[in-house]
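In: predicted structure and sequence below. I'll ask about it afterward.
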Amino acid sequence: MPVYQYRCAEHGVFEVTLAMGVAAAWRRCAGCNAEARRVFTPPLLSRTPTAAAAAIEHAEKSRFEPEVVAAPAPRPGARASRTVSNPLLQRLPRP
């Protein structure tokens, strides 16, 4: 359903959700019962930035399909630990 905006002289802009094509040019303000004129706003002109949209999508996806990780994320500035597959090299001292 579309959202229509009306401007009251005393209370400012307020929004009303109505069926398409039903919105009148004037509507009564809920706060002061004065007539409020309809404000025409262009639809879909404000777009979400790509990075923000990706973050929102990732958060929504993880809500139902959480990612499985093997270990906690490393601390910032910490050196990555090196794993050695040769058992003889594992006994060597580490810096």
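Out: Structure received. Residues are numbered from 1 along each chain as shown.

In: and the residue of the chain most remote from its centre, backbone torsions?
Out: For the chain, the residue at maximal distance from the C-alpha centroid (Cα atoms, centre = their mean) is Leu88, at 51.2 Å. The phi and psi values for Leu88, taken as degrees, to the nearest 10, are phi -70, psi -30.

In: three-state assignment of Val22?
Out: Classification of Val22 by DSSP: H, G, I helix; E, B strand; the rest coil places it in coil.

In: tell me which helix or strand of the protein sits lowest on mean pLDDT?
Out: helix 50-64 (a mean of 86; mean pLDDT, DSSP states H and E).

In: from the contact counts, what lies against that one?
Out: Here helix 50-64 touches no other helix or strand, going by 3 or more Cβ pairs under 8 Å, 6 or more residues apart in numbering; DSSP states H and E. Using the backbone N, CA and C atoms, a C-beta is placed for each residue, glycine as well.

In: how far away from the center of its chain is it?
Out: The chain centroid and the centroid of helix 50-64 are separated by 8 Å under Cα atoms, centre = their mean, to the nearest Å.

In: name the residues that touch that helix?
Out: Applying Cβ atoms under 8 Å, 6 or more residues apart in numbering, the contact partners of helix 50-64 are Thr48.

In: now stretch 17-33
Out: 1-4, 6, 8, 10-11, 14, 16, 34-38.

In: 10 Å instead?
Out: Outside of stretch 17-33, the residues within contact range by Cβ atoms under 10 Å, 6 or more residues apart in numbering are 1-12, 14, 16, 34-38, 40.

In: list the buried residues in it.
Out: 23, 27, 29 (16 or more other Cβ atoms under 10 Å).

In: thank you, goodbye.
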